[in-house]
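Chemist: Kindly generate the corresponding structure for this input.
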Amino acid sequence: MRHVALACAIAAAGGAAVASSHREAPSITNTPKVDGTDFYMFRSYETGRDGYVTLIANYLPLQDPYGGPNYFKMDPNALYEIHIDNNGDAREDITFQFRFQNTLRDIQVPALGSNVSIPLTQGGFITTPNSAASNVRETYSVTVVRGDRRSGTRTAIMNASSGQPVFDKPVDNIGSKTFTGTTYAAYANQHIYTVAIPGCSQPGKVFAGQRQEAFAVNLGPIFDLVNAPLSVITDPTLINAAAANSIQDKNVTSLALEVHKDCLTATANATTSTAATIGGWTTASLRQGRLLSGSPRNTAHENTAINAGPWVQVSRLGMPLVNEVVIGLKDKDRFNASQPRNDTQFAQYVTNPTLPVLIGVAYGFNAGELAPTNTGRVDLQTVFLTGIAGVNQMATVTPSEMLRLNTAIAPVPFAQQNRLGIVGNILAGGNDNAGFPNGRRPKDDIVDVSLVAVMGGLCLANGNATAMQPNGALGFGAACNPSAVSTALTPNGTNGIPTVFNLHDGADQAVVPLLTAFPYLSTPNPGASN
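Modeler: Now for the predicted structure:
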């Protein structure tokens, strides 16, 4: 089991390896409000909530906190969705749909004898939801759809206190003066709602609002052909010392749900790994047609376009990093429009990953010299597209890209979580099997785990094939053995383990400010502070 868990941790990232999906495809850069940046799915580790699963879909990347006067409202003409597959056919069985509405209050003030509309999103100090000082009231609804996302049974999720299907979204963290009389954290916490979810006997929670960017990455140097010496990115003592987290000062917008695990699995109280495992991914869609008006109405907010026609999916995110650094540039927009059940069309990007070749070129090796040599990368196919038997393989095995979570594995308190997920837990001899790639927690350093995967760590763990075990200790093919890994990465490194297991990008996910309770991502950076 220890070996299987190690394989799972190293390989589930597929061929991915550098940054989460921020601005990952050409077309999505034109519509940042529907750009999914990260998707988290994990057993809740808040005290008293361990029977629940938390789902967090982040959108609208790289928000500068000072981005006024409009800041970062969600798109009322978009459909944001979180999908759950609980039987393994790579089709959604449960979908949570978020729709936003931004209502203009048109606050006016007396100016030289006339009442005149103000130019800001706030007309005074804000301390409570739906404050009269908010010039734009941001609200949203959440609908649960059972079956097909478009033709299934639809019912509204209700505020357990008010019995209403409408929730207030907090104003972005404009600055400390705007929130005089309270802290932004206290203000935002007023927007965490207990909800009644149709078809689920246990109440859940929902929050939609701005959060501090929770992803750590050394973004600039990574995309500059890994602009750091090989001796640096293979020295674990330099994590959080050799490079800065380049997006720590940014914010995102999070759509967070907490749902009891028995309401997500096909069978309540599931204990076997196949019955307890769910798949998840998030998407955003826009109307097919858009007509721009040359004379926008001045009585509404965001009114320059008239949208009509069927929904068209423009963003998709399950496991991190996939579209950003695995899918070829020509297919990135197509991946964003696709569904998991059709993922065999992208299989070559997993069986023949290009990133190891590019990393080798960046460090002066001949083309392919640093890349693993096992043709077809059966190691990555098995874990990335089908799941690992006994760990996170579902009841039906359909090759598809989505985040998989075994809900029968108990959560681990935040302080005890290993930042490298299961692979770090195995190397440390611990008992944390609740992390990436068994779902994904905010603390999991998926960049470092993925670097290990793409450069052959799985084959090093698989060992040599023998007559008794022709496919190696982990069953990933005879060609997936230590000889497939570059000799530059197989010697023991500074901590006495093979260098390939020491690969990192320099930024440390474990030091990112996070919360230990729902919605888990930290208070957003303020636009200004005292």
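
Chemist: Mean confidence (pLDDT) on the longest strand seen in the chain, please.
Modeler: With secondary structure taken from DSSP state E, the chain has its longest strand at strand 277-292. Strand 277-292 shows an average pLDDT of 96 in the prediction.

Chemist: Could I get the buried residue list for it?
Modeler: For strand 277-292, the neighbour count (16 or more other Cβ atoms under 10 Å) marks 277-287 as buried. Any C-beta I mention is one placed from the backbone N, CA and C, and that applies to glycine too.

Chemist: closest to Pro32 among those residues?
Modeler: Closest to Pro32 out of the buried residues of strand 277-292 is Ala284 (10.7 Å), distances taken as Cβ to Cβ.

Chemist: isn't that closest one right up against Tyr80?
Modeler: Yes: with contact defined as Cβ atoms under 8 Å, Ala284 reaches Tyr80; the gap is 5.2 Å.

Chemist: mind checking how far Pro526 is from Asn130?
Modeler: 21 Å (Cβ to Cβ, to the nearest Å).

Chemist: Next: Leu321.
Modeler: 38 Å.

Chemist: in this protein, which segments are predicted with low confidence?
Modeler: Scanning the chain for pLDDT under 70 picks out 1-21, 242.

Chemist: What segments of the chain are helices?
Modeler: Secondary structure of the chain (DSSP state H): helices located at 2-11, 184-189, 219-223, 230-233, 273-276, 322-325, 332-336, 348-351, 355-362, 378-386, 421-428, 446-454, 457-462.

Chemist: hang on, the earlier thing: in terms of neighbours, single out the busier of Leu321 and Asn130.
Modeler: Neighbour count, other Cβ atoms under 10 Å: between Leu321 and Asn130, Leu321 has more, with 25 against 10.

Chemist: Now do the strands in the stretch 401-530 of the chain.
Modeler: Along the stretch 401-530 of the chain, counting by DSSP state E, counting those that start in this stretch, strands occupy 403-406.

Chemist: Just give the number of residues close to Asn495.
Modeler: By other Cβ under 10 Å, neighbour count at Asn495 equals 12.

Chemist: That one touches His504, doesn't it?
Modeler: No: using Cβ under 8 Å, Asn495 is not in contact with His504, being 12.0 Å away.

Chemist: so what sits against both of the two?
Modeler: Residues touching both Asn495 and His504 by Cβ atoms under 8 Å, 6 or more residues apart in numbering: Pro236.

Chemist: how far does stretch 293-302 stretch from start to finish?
Modeler: The stretch stretch 293-302 measures 11 Å between its terminal residues, going by Cα to Cα, to the nearest Å.

Chemist: Report the buried residues of that stretch.
Modeler: For stretch 293-302, the buried set under the neighbour-count rule, 16+ other Cβ under 10 Å, comprises His301.

Chemist: likewise stretch 334-341?
Modeler: Buried positions in stretch 334-341, judged by neighbour count with 16+ other Cβ under 10 Å: 334-340.

Chemist: For the residues you listed, work out which two are farthest apart.
Modeler: Arg334 and Pro340 (13.7 Å).

Chemist: State the number of residues packed around Asn227.
Modeler: Neighbour tally, Asn227, other Cβ under 10 Å: 12.

Chemist: I'd like the distance between it and Met455.
Modeler: Taking Cβ to Cβ, one finds Asn227 at 18 Å from Met455.

Chemist: go on, Thr354?
Modeler: 13 Å.

Chemist: Could you check which of those two has the larger neighbour count?
Modeler: Met455 (26 against 16).

Chemist: need the contact list for that one.
Modeler: Applying Cβ under 8 Å, 6+ apart, we find Met455 in contact with 17, 356, 359, 370-372, 485-486, 489, 500, 503.

Chemist: Could you rerun that using 10 Å?
Modeler: Shown in contact with Met455 (Cβ atoms under 10 Å, 6 or more residues apart in numbering): 17, 355-356, 359-360, 370-372, 485-486, 488-489, 499-501, 503.

Chemist: Also Asp343?
Modeler: Neighbour list for Asp343: 90, 318, 322, 335, 349-350, 384-385, 398-402 [criterion: Cβ under 10 Å, 6+ apart].

Chemist: List just the nearest of the residues you listed to Asn102.
Modeler: Proximity of those to Asn102 (Cβ to Cβ) peaks at Gly318, which lies at 28.5 Å.

Chemist: ok, the closest one - contacts?
Modeler: Listed by Cβ under 10 Å, 6+ apart, the contact set of Gly318 reads 21, 36, 39, 41, 83, 279-283, 340, 343, 400-404, 440.

Chemist: and if you look at Gly424?
Modeler: Applying Cβ under 10 Å, 6+ apart, we find Gly424 in contact with 9, 417-418, 430, 432, 435-436, 444-445, 448-449, 501, 510.

Chemist: what residue of the protein is the furthest out?
Modeler: Within the chain, the residue lying farthest from the chain centre (Cα atoms, centre = their mean) is Gly113, at 51.6 Å.

Chemist: That one and Val195: what is the separation?
Modeler: Applying Cβ to Cβ to Gly113 and Val195 gives a distance of 48 Å.

Chemist: Not counting its neighbours along the chain, what's nearest Asn471?
Modeler: Nearest residue to Asn471, sequence neighbours excluded (Cβ to Cβ, 6 or more residues apart in numbering): Gly477, at 5.5 Å.

Chemist: I should have written Leu515 there, sorry.
Modeler: Once flanking residues are discounted, Leu515 sits nearest to Ser522: 5.7 Å by Cβ to Cβ, 6+ apart.

Chemist: what sits against Leu79?
Modeler: Counting by Cβ under 10 Å, 6+ apart, Leu79 has contacts 34, 97-100, 143, 149, 283-287, 311-313.

Chemist: if we go to 6 Å?
Modeler: By Cβ atoms under 6 Å, 6 or more residues apart in numbering, the contact list for Leu79 reads 285, 311.

Chemist: and if you look at Pro236?
Modeler: 495, 502.

Chemist: so Arg99 bridges to which residues?
Modeler: When bridges are called by DSSP bridges, Arg99 pairs up with Ser141.

Chemist: There's contact between it and Thr139 in this structure, I believe.
Modeler: No: using Cβ atoms under 6 Å, Arg99 makes no contact with Thr139, being 9.4 Å away.

Chemist: in the stretch 201-350 of the chain, which spans are strands?
Modeler: Applying DSSP E, counting those that start in this stretch to the stretch 201-350 of the chain gives strands spanning 204-212, 251-260, 277-292, 305-317.

Chemist: would you list those in CSV and tack on distance to Thr237?
Modeler: Compiled in CSV, the strands of the stretch 201-350 of the chain are given as follows (distance: least, Cβ to Cβ, whole Å):
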stretch, distance to Thr237
strand 204-212, 27
strand 251-260, 31
strand 277-292, 36
strand 305-317, 33
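
Chemist: Please name whichever of these is nearest to Arg154.
Modeler: Ranking the strands of the stretch 201-350 of the chain by proximity to Arg154 (Cβ to Cβ) places strand 305-317 first, at 13.5 Å.
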